[in-house]
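Q: with the sequence up front, the predicted model follows.
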Amino acid sequence: MDKLGLRYALLFFGSWLVAACQPQSTPYVFALPDTIPPPAVPAENPITLEKVTLGRMLFYDTGLSVNRSQSCATCHQQQFAFAEPTQHATGATGEVVPRNSMALVNVGYNSAFTWAHNGFTHIEEQLLIPLFNESPVELGVTGNEKEILKRFTSAEYQALFKSAFATEQPSFDLIVKALASFVRSLTSFNSPFDQYAYEGDDTALTKRQIEGMNLFFSERTECFHCHGGVNFSQSSTHAAQSLVLQPFHNTGLYNEDGKGAYPERDQGLLRITFNQKDMGKFRAPTLRNIAASAPYMHDGSIATLEEVIEFYAQGGRGKGKSNPYKSPFVKGFNINEDEKAALKAFLESLTDHAFLTNPKHGPLLNQTM
Ligand code: HEC
Ligand code: HEC
């Protein structure tokens, strides 16, 4: 081989080496209707198919909890819109988590996370809580980091980490990036309501559901004021939007002392800001797939959608009706039985059955949970 040939051979080998050490990065294509922009993805963690696949495997792996008793999917079950049909969650070691497990639906579009927190800007930050929280313990990683990371060094995980991140070495930074990518892939825009409103299919909603939709968007019920936009949640954003609203509201669920106190165990945004005006303020969550994710509210204290509608019609619950911090939009309204049924039927039209059963969101085929 002459000098030039050798140089080319080395160059070729060099670029092969560089390519072999790069993560495979198949761009992840969100399955979205034309009218819906993709969610904003942080620059530090571009979304790829390989990360989503690794994240999916991790999401269903009980190895992520200290005693191998829980995975993310214990509290976030697909058939219930990735919520859990219990009033409140329980951590891996049996500690009570006072809040209801949240549905994971279009979380990539959130501009605020959890039931009441104004400090997280990305899913990546929020995920440190179930992993590392010590009071209450959820997955219980803190203090057991090394032991837990060792569980992700099988040949299968090595291959998955390598293709997602170009290293076989697991770390919590990479685990969180992969899990956040999987959570971002959980998009749901294929309900009968979507077919009606965005796909122009006039037959997708029943007459009753249309009547309920008109009630939902009326000044009488005010629902749309707080559950607005394409996600039925004020706290939404997307790749093409810069205005970020972080709305939290007190809906009058409690009034322990007549002066507006919510129960000590959970006073909402106040716990984060220490500002009295945030007493009992929680985030208005998405209503997509809401029929699948009972029970309702931050503490799961309302069992059914009928009762939620009745709660708003009453303008709050018990003494909560006169909570001084209650939002003026929860003022109570007259509604007859027929109209209640229509409003409920509309909420049911937000169920996206394909999302709840999509095998791509479930465990990988060879995975035992
Ligand atoms: C013990 C039950 C439990 C486990 C395990 C758990 N979660 Fe959660 N998750 C919750 C609860 C409860 C909330 C609401 C937390 C709050 O409001 O403070 C929540 C909230 C979330 C949110 C915020 C959703 C939103 O719209 O703001 C995301 C994302 C999430 N969990 C993902 C995960 C992932 C990924 C895992 C695995 C690493 C996980 N969770 C493990 C119970 C759990
Ligand atoms: C003032 C703003 C506001 C208005 C108006 C409002 N909501 Fe809400 N909604 C919220 C907030 C905040 C929560 C969470 C409250 C909590 O957990 O303490 C919530 C929770 C819910 C939930 C439970 C969500 C879940 O995942 O558990 C449903 C269902 C719901 N609202 C439906 C409606 C309907 C139907 C209307 C109209 C009749 C309505 N809302 C009007 C702010 C509002």
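A: Alright, I've got the coordinates. Ligands and ions are numbered 1, 2, ... in the order given.

Q: Leu179: neighbour count?
A: 25 (other CB atoms under 10 Å). C-beta coordinates here come from the backbone N, C-alpha and C atoms, glycine included.

Q: swap that for Pro170, sorry
A: By other CB under 10 Å, the residues close to Pro170 number 22.

Q: enumerate the residues of the stretch 151-300 of the chain near ligand 2.
A: Of all the residues in the stretch 151-300 of the chain, those in contact range of ligand 2 (CB under 6 Å from any ligand atom) are 221-223, 225-227, 249, 251, 253, 282, 284-285, 287, 290, 293, 296-298.

Q: ok, now with 8 Å
A: 215-216, 221-227, 247-251, 253, 268, 280-287, 290, 293-300 (CB under 8 Å from any ligand atom).

Q: buried stuff in stretch 152-171?
A: Neighbour counts over stretch 152-171 (16 or more other CB atoms under 10 Å) mark 152, 157, 160-165, 170 as buried.

Q: format those residues as JSON lines; extra columns: pLDDT, distance to ligand 1 and secondary structure.
A: What follows is those, written out as JSON lines (pLDDT from 0 to 100; distance: CB to the nearest ligand atom, whole Å; DSSP: H, G, I helix; E, B strand; the rest coil):
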{"residue": "Phe152", "pLDDT": "97", "distance to ligand 1": "13", "secondary structure": "coil"}
{"residue": "Tyr157", "pLDDT": "96", "distance to ligand 1": "16", "secondary structure": "helix"}
{"residue": "Leu160", "pLDDT": "96", "distance to ligand 1": "16", "secondary structure": "helix"}
{"residue": "Phe161", "pLDDT": "97", "distance to ligand 1": "16", "secondary structure": "helix"}
{"residue": "Lys162", "pLDDT": "97", "distance to ligand 1": "21", "secondary structure": "helix"}
{"residue": "Ser163", "pLDDT": "96", "distance to ligand 1": "20", "secondary structure": "helix"}
{"residue": "Ala164", "pLDDT": "97", "distance to ligand 1": "16", "secondary structure": "helix"}
{"residue": "Phe165", "pLDDT": "97", "distance to ligand 1": "17", "secondary structure": "helix"}
{"residue": "Pro170", "pLDDT": "97", "distance to ligand 1": "14", "secondary structure": "coil"}
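
Q: out of the residues you listed, which two sit at the greatest distance?
A: Taking CB to CB, the two most distant members of the buried residues of stretch 152-171 are Phe152 and Ser163; they sit 14.2 Å apart.

Q: tell me which helix or strand of this structure sits lowest on mean pLDDT?
A: helix 3-21 (a mean of 51; mean pLDDT, DSSP states H and E).

Q: look up phi and psi at Leu270.
A: Backbone torsions of Leu270, given as degrees, to the nearest 10, read phi -50, psi -40.

Q: can you check Ser25 too?
A: Here is the backbone geometry of Ser25 (degrees, to the nearest 10): phi -130, psi 80.

Q: any chance you could map the strands in the chain?
A: Using DSSP state E, the strands assigned to the chain run over residues 89-90, 96-97, 248-249, 282-283.

Q: a markdown table for those strands, including mean neighbour count and mean pLDDT?
A: Output for these, formatted as a markdown table (neighbours: other CB atoms under 10 Å; pLDDT from 0 to 100):
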| stretch | mean neighbour count | mean pLDDT |
| --- | --- | --- |
| strand 89-90 | 20 | 94 |
| strand 96-97 | 14 | 93 |
| strand 248-249 | 22 | 94 |
| strand 282-283 | 25 | 96 |
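
Q: so where do the helices sit in the stretch 51-200 of the chain?
A: Here the stretch 51-200 of the chain has its helices, by DSSP state H, counting those that start in this stretch, at 72-75, 123-126, 128-132, 145-150, 155-165, 172-184, 192-197.

Q: I'd like those helices laid out as a markdown table, including distance to Ala261.
A: Formatted as a markdown table, the helices of the stretch 51-200 of the chain follow (distance: least, CB to CB, whole Å):
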| stretch | distance to Ala261 |
| --- | --- |
| helix 72-75 | 28 |
| helix 123-126 | 27 |
| helix 128-132 | 25 |
| helix 145-150 | 38 |
| helix 155-165 | 47 |
| helix 172-184 | 34 |
| helix 192-197 | 37 |
